[in-house]
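**Student:** sharing a sequence plus its predicted fold:
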Amino acid sequence: MLSAASFSHATHLSRSLELREKIVKVLAYSTKLAAHLHGSSRLAAASKQLSAARKVFSLLHWVRHVDDASDALGESGSLRALALLELAAALVVDLLGDASTLVSLRLLPLSPRLAERLEWCAAAVDAVHALVALGAGAVRASRIERLQAAAPQIAGAGAKAGADPKVGSTDAKLREDAKLREKLQLARLAIVKYACDLLKASHAAGLRGLRGGGVPLPLALFAGLASGVISSHKVVVKLNGTRETHGTPASSAKKKTS
């Protein structure tokens, strides 16, 4: 049976591979956009190779949702239902993506028609996932904003109750404020990211609006590029957080050796 430490290392490895996949995603959409704007067949061929490489990096991407499930179950109220629905949609998207990759590698025998349907289903579910994630992201950002607004009131109530305002209280408040600002920034970036994912997936699935118009290809490519940049930043933040949680800070290490 896996220990907590082994599971932690496995999660960290999954995040590291995810960062590589996001970097390849940025490169793939950059070359796709450049190929479309300049009409370069050479760049178009390079973008196809990068997309194929990204699909390989994305294999077993659904494993990370085991770690995300605890976060979703830890939510409360309407956010818990949205988070679980978001998690379920993301799991289906990753499983369909793995199946599509195995078909492209000729490891899963499917007819071309079924392979096209599989890719369409993955894009359609991805659009649904992005829509649900937008709702969950809006609720998360709203909750963090309420926490920020309530922080001064809580501090004032503590002072009236006779709490000692000295001895690290200022430092603790500054750290808490910084954490809330970082969480709010990440929540707002996530909203932008999922809006980009919705545009990209809607174009891939051929979804159209009420007036019959779809998402233009240049907009979909730019949305994919922006989504990749934001996703890369998010993974880097999570990796840094994992190091701080399971590693030994440099300052404490110096104290131990001195």
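**Tutor:** Here it is on my side, so go on.

**Student:** buried set for stretch 101-109?
**Tutor:** By neighbour count, and taking 16 or more other C-beta atoms under 10 Å as the criterion, the buried residues in stretch 101-109 are 101, 103. Yep, even glycine has a C-beta here, placed from its N, CA and C like the rest.

**Student:** what about the chain, any weak spots by pLDDT?
**Tutor:** 1-16, 151-170, 210-212, 241-258 (pLDDT under 70).

**Student:** can you give me every residue that contacts the residue nearest the centre of it?
**Tutor:** For the chain, the residue sitting closest to the mean C-alpha position, by C-alpha atoms, centre = their mean, is residue 231 at 5.2 Å. For residue 231, the contacting residues are 22, 25, 193, by C-beta atoms under 8 Å, 6 or more residues apart in numbering.

**Student:** swap in 7 Å and give it another go.
**Tutor:** Remark: with contacts taken as C-beta atoms under 7 Å, 6 or more residues apart in numbering, residue 231 is in contact with 22, 193.

**Student:** residue 21 too?
**Tutor:** By C-beta under 7 Å, 6+ apart, the contact list for residue 21 reads 54, 57, 58.

**Student:** do residue 113 as well
**Tutor:** Under the criterion of C-beta under 7 Å, 6+ apart, the contact list for residue 113 is empty.

**Student:** distance of it from residue 173?
**Tutor:** Per C-beta to C-beta, to the nearest Å, residue 113 is found 61 Å from residue 173.

**Student:** just residue 240 next, same as before
**Tutor:** Between residue 240 and residue 173 the distance, using C-beta to C-beta, works out to 23 Å.

**Student:** which one's more surrounded, the two?
**Tutor:** More neighbours surround residue 173 than the other of residue 240 and residue 173, with 15 against 11 (other C-beta atoms under 10 Å).

**Student:** where does residue 149 fall, phi/psi-wise?
**Tutor:** For residue 149, the backbone dihedrals are phi -70, psi -30 (criterion: degrees, to the nearest 10).

**Student:** just the helices in the stretch 1-150 of the chain please.
**Tutor:** Assigned by DSSP state H, counting those that start in this stretch, the stretch 1-150 of the chain shows helices spanning 4-38, 41-57, 65-73, 78-104, 112-160.

**Student:** what is the orientation angle of the longest one with helix 78-104?
**Tutor:** When you say that, I think you mean helix 112-160. Computed by axes from the mean of the first three to the mean of the last three C-alpha atoms, to 10 degrees, the angle separating helix 112-160 from helix 78-104 equals 150 degrees.

**Student:** after helix 112-160, next one along is what?
**Tutor:** Following the chain from helix 112-160 toward its C-terminal end, the next helix or strand by DSSP states H and E is helix 169-205.

**Student:** what residues sit buried inside that next one?
**Tutor:** Of the residues in helix 169-205, 183-184, 186-191, 193-205 count as buried by neighbour count, 16+ other C-beta under 10 Å.

**Student:** could you point out which element follows that helix?
**Tutor:** Beyond helix 169-205 in the direction of the C-terminus, DSSP H and E gives the next helix or strand as helix 217-246.

**Student:** that next one: which residues count as buried?
**Tutor:** Going by 16+ other C-beta under 10 Å, helix 217-246 has these buried residues: 220-232, 234-235, 238, 242.

**Student:** rewinding a little: turn the contacts of residue 21 into JSON lines, including neighbour count.
**Tutor:** Converted to JSON lines, the contacts of residue 21 look like this (neighbours: other C-beta atoms under 10 Å):
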{"residue": "54", "neighbour count": "21"}
{"residue": "57", "neighbour count": "18"}
{"residue": "58", "neighbour count": "20"}
